[in-house]
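Novice: Here is the input, now give the coordinates:
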Amino acid sequence: MRGRVRIGDDQVVELAEMFRLMSDPTRLRIILACLDAPAAVGEMAERLGISASLVSHHLRLLRAARLLGAERRGRQVFYVVGDQHIRSMLSDMVDHVAEEDAETEAAP
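Specialist: You can find the predicted model right below:
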């Protein structure tokens, strides 16, 4: 096991803010919608069953925290989890939750 990197107080606050943002179910669903492939606001709104303006509001917060990045393609903007650290952590957590559900279903 490798040693942990020490971070300063400012970085602890930034990390806590990232977790706070991800603790909102709607924002987490938005991040997960961008985990495997870039997604546009309209696509996310339709998939999640919420308004495009609400998606845009959450995207502003998520981009400011560097949890999501944006790619412009012509007139449309696509959002994606651009950082491999965020992608790995969320993928591992999704796998963990799915594994826990599978174990519960398999129990007699």
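Novice: Name the residue closest to the centre of the protein, please.
Specialist: The centroid of the chain falls nearest to Ile31 when counting by CA atoms, centre = their mean (2.8 Å).
Novice: show me what contacts that residue?
Specialist: For Ile31, the contacting residues are 22, 62, 67-68, 81, 86, 90, by CB atoms under 8 Å, 6 or more residues apart in numbering. The way it works is simple: take the backbone N, C-alpha and C, and place the C-beta from them, glycine included.
Novice: again, only this time at 10 Å
Specialist: Counting by CB atoms under 10 Å, 6 or more residues apart in numbering, Ile31 touches 21-22, 24, 58-59, 62, 67-68, 79, 81, 86-87, 90.
Novice: By neighbours, which of those wins?
Specialist: Leu68 (26 neighbours; other CB atoms under 10 Å).
Novice: which SS class is the nearest residue in space to that residue that is not next to it in sequence?
Specialist: Spatially, and ignoring its direct neighbours in sequence, Leu68 is nearest to Leu62 (4.5 Å; CB to CB, 6 or more residues apart in numbering). Here Leu62 is recorded as helix under DSSP: H, G, I helix; E, B strand; the rest coil.
Novice: Leu62 reaches Ala33, doesn't it?
Specialist: No - Leu62 is not in contact with Ala33 according to CB atoms under 10 Å; the separation is 11.1 Å.
Novice: what sits up against the longest helix seen in the chain?
Specialist: Secondary structure of the chain per DSSP state H: the longest helix is helix 84-106. With contacts defined as CB under 10 Å, 6+ apart, helix 84-106 is touched by 18, 22, 28, 31-32, 34-36, 65-69, 80-81, 83.
Novice: and which of those is nearest Glu43?
Specialist: Cys34 (10.0 Å; CB to CB).
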